[in-house]
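>>> this one's structure only:
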């Protein structure tokens, strides 16, 4: 009896639900976005996660936003600047027409407060690193602020890049930065939208800000589209289905989703190379058995590294790079939505990329020859080469759950076996991989990658290869040291005038060094893929480095 | 009864402390700390990382950190810049003064985060529990009284299948069929966005799929258990007596047999109630349901120590209460049992 009633009730539910579902979305007024993770905080001073920064773009203007065409820093809230003769002090002009939604004008004191609050001892935030190069800041007048940097390098502007917070809503002594109500209920905005409602881990709802002063791009004010709903859907497969079910209008998809959405009639798919991300295999050139030896001693002199039995020989690293088929892997694993690379600098950073070089070709015969030249031969005929009784065998790790890297690892392992190399592949939990393996340099080889950040050739190259970062918790995880590399890296960052052409010369040489030394086996640079519902008008795939920078001009066709 | 409950509650206090200490040590023994994850980024320099670690007290020995967590650190002068001199005072008051701390990832009080997830979590898990019992009990009883019939065979096969089907697979298949192909139901979420008001029918249709996926295991377990218990009871003397008196089958089954068969089921209920607030991470993830499971599991992946410990405390308290409740229920449904 009971069972029958319950079943009937469920059936009635299903029937009731069906006609309602079709009316799910009010047409024309709203756009639906999705994100895998929610904002953890609404205070730009405190956030360290992509979920937050992704949501900030609707509420806050950036001081020096990325140029959507080139990815370079460009005028925003700080709309012009002068550089002192020594190159250390930048005097910025603050836009005068920006008004907070409560009527207060945005001024230089807001910028100063944002910087000072971030570096305050009372505030714990990973954002402190943004201002690591700043020595001090000073307000000259209401709309002028000067930043002094530690060194006059070509990336100095990064030190003044921030989302500005409304100083008049905080205690001037920074005592409430950690607990201010704006952290969870931001009722103020200087951007294109206002936050209307936030249900954590469910959705964010925004309405157009009627007092928006306009941005560098997307000058339309107020925004055409009245409301934004950003849904938090933590599972990529569900997002795929939500795109198919016309619940989501715009989403940057992964290569694994592309195939699945290709034949969906109401979706347009776009591919862009505007991403400086790199995926690579790190070859540890220092013997992990000897413990971590930092790259420099206390006086800054290079320290001898205990050589890794396999990877300390450049011929072995070259052989491994040539010994597996990268292009086939890119085609198979990410359906060709990426391009092969040979250094930290991807072709997407066009001005710095050295197009005269090509990634090492897939050539198992040449790879075998190199291994033999290095003394690795299979004398006992067990299929694995050895040298002085030591087999050519090492562990190859990646982070579990990353399907792309797991597939790459298996393909690598298979191809290498053909040339007598035994890679023991294993995927382990991300936290363990980072803290126990990478940060302690306790591993043989690891497949890992970087993504995001300001597109500049210095960032990844310095982090991954400069000797100063060969320390515990540093990113030079392979213990690479090449004096010429260090010299060219610094020359490129401190080029007088910072002209692209002048810097590019140094970066061209830097890429040659990486090509020759193979400190990492650089694999590919992923493309940015976007799925857009056909009802969305105004999305411009050419604004690739900041794809929603003209959002206020978008419209929805009913 | 009151005395019994009071004694059990007193006994729970050392248990609770044991749980928190062991959990704290276990979490700390896991590789990585919260800073690892927010700083795995080439743009973040080591000096800032170390500063953050000192501010959060993560540079302190484990037992010191546990003491801070218990009694707070507002009496500690924290050395932020690492020069050996204290710069600012801590702000935490500790568990014993009613402060579960502040989440490192969310920068919000742990208690607020957990409380904010409770309504939606209960909406999902409590509904699934009720459906599990309401559907599972009659199926089990009917299978028992019609032992060997077609209904019984099908119910038994389905209960094995229901237990074996992975939730993420079933969830995804249901989404593909009911949300994408048929467009009867929304893929995920909790309510239709953009409507002026979202009424109970609107919200109910967002619950159908996740509740079904979640209740399936419950239905399978409860029905199987109920079948076994009912079979045992049906063979007993008093049931034969009832039949001999000429009672109808319906009266015998539902009035006499089921009551006794329900006794062991009651013992299930206590721990199940304790588990309600644990959420259901896989179902919540697939259906984008803003529940407790996602909050906890994210906290573990991000090594958000205060949030993990807050969850442990709440979970432990509920579990202990659940066990006490199940003992009480036992005495209520079975007059032969006395609490002492």
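Arrived safely. From a predicted model like this one, the values you see are computed outputs, not experimental measurements.

>>> may I ask which helix or strand encompasses the spatially closest residue to residue B:129 that is not a sequence neighbour?
Of all residues beyond its chain neighbours, the one nearest residue B:129 is residue B:272 (6.0 Å), with distances taken as CB to CB, 6 or more residues apart in numbering or on different chains. Bear in mind the C-beta positions are built from the backbone N, C-alpha and C, glycine included. Secondary structure assigned from DSSP states H and E places residue B:272 in helix B:258-275.

>>> so how far is residue B:52 from residue B:84?
Separation of residue B:84 from residue B:52 (CB to CB, to the nearest Å): 18 Å.

>>> related to what we said a few turns ago, for the next helix or strand after the helix holding residue B:272, name the packing helices and strands.
Downstream of helix B:258-275, the first helix or strand assigned by DSSP H and E is helix B:281-286. Using 3 or more CB pairs under 8 Å, 6 or more residues apart in numbering or on different chains; DSSP states H and E as the contact test, the elements touching helix B:281-286 are helix A:236-244, helix B:167-174, helix B:200-234, helix B:292-301.

>>> need those helices in JSON lines with distance to residue A:113, mean neighbour count and mean pLDDT, can you?
As requested, the helices and strands packed on helix B:281-286 are exported to JSON lines (distance: least, CB to CB, whole Å; neighbours: other CB atoms under 10 Å in any protein chain shown; pLDDT from 0 to 100):
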{"stretch": "helix A:236-244", "distance to residue A:113": "37", "mean neighbour count": "23", "mean pLDDT": "96"}
{"stretch": "helix B:167-174", "distance to residue A:113": "46", "mean neighbour count": "17", "mean pLDDT": "92"}
{"stretch": "helix B:200-234", "distance to residue A:113": "42", "mean neighbour count": "21", "mean pLDDT": "90"}
{"stretch": "helix B:292-301", "distance to residue A:113": "31", "mean neighbour count": "22", "mean pLDDT": "90"}
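
>>> and residue A:429, which of the ones you listed is closest to it?
Counting by CB to CB, residue A:429 lies closest to helix B:292-301 out of the helices and strands packed on helix B:281-286; the figure is 8.6 Å.

>>> helices or strands next to the helix or strand that that closest one is followed by in the packing?
Helices and strands here follow DSSP H and E; after helix B:292-301, the next one along the chain is helix B:305-333. Judged by 3+ CB pairs under 8 Å, 6+ apart, the packing partners of helix B:305-333 are helix B:2-29, helix B:62-71, helix B:110-145, helix B:258-275, helix B:292-301.

>>> in its sheet, what does the helix or strand following the second one sit against?
Going back to what we said before, that points to helix B:62-71. Sequence order places strand B:77-78 as the next helix or strand after helix B:62-71, per DSSP H and E. Strand B:77-78 has the following sheet partners, assigned by DSSP bridges: strand B:88-89 (antiparallel).

>>> isn't residue A:84 right up against residue A:156?
No: with contact defined as CB atoms under 8 Å, residue A:84 does not reach residue A:156; the gap is 11.0 Å.

>>> quick one: which of the two has more around it?
When residue A:84 and residue A:156 are compared for neighbours, residue A:156 comes out ahead with 23 against 12, by other CB atoms under 10 Å in any protein chain shown.

>>> list the beta-bridge partners for the residue nearest to that one when sequence neighbours are not counted.
Once flanking residues are discounted, residue A:156 sits nearest to residue A:149: 4.7 Å by CB to CB, 6+ apart. Residues found in beta-bridge contact with residue A:149 (criterion: DSSP bridges) are residue A:134.
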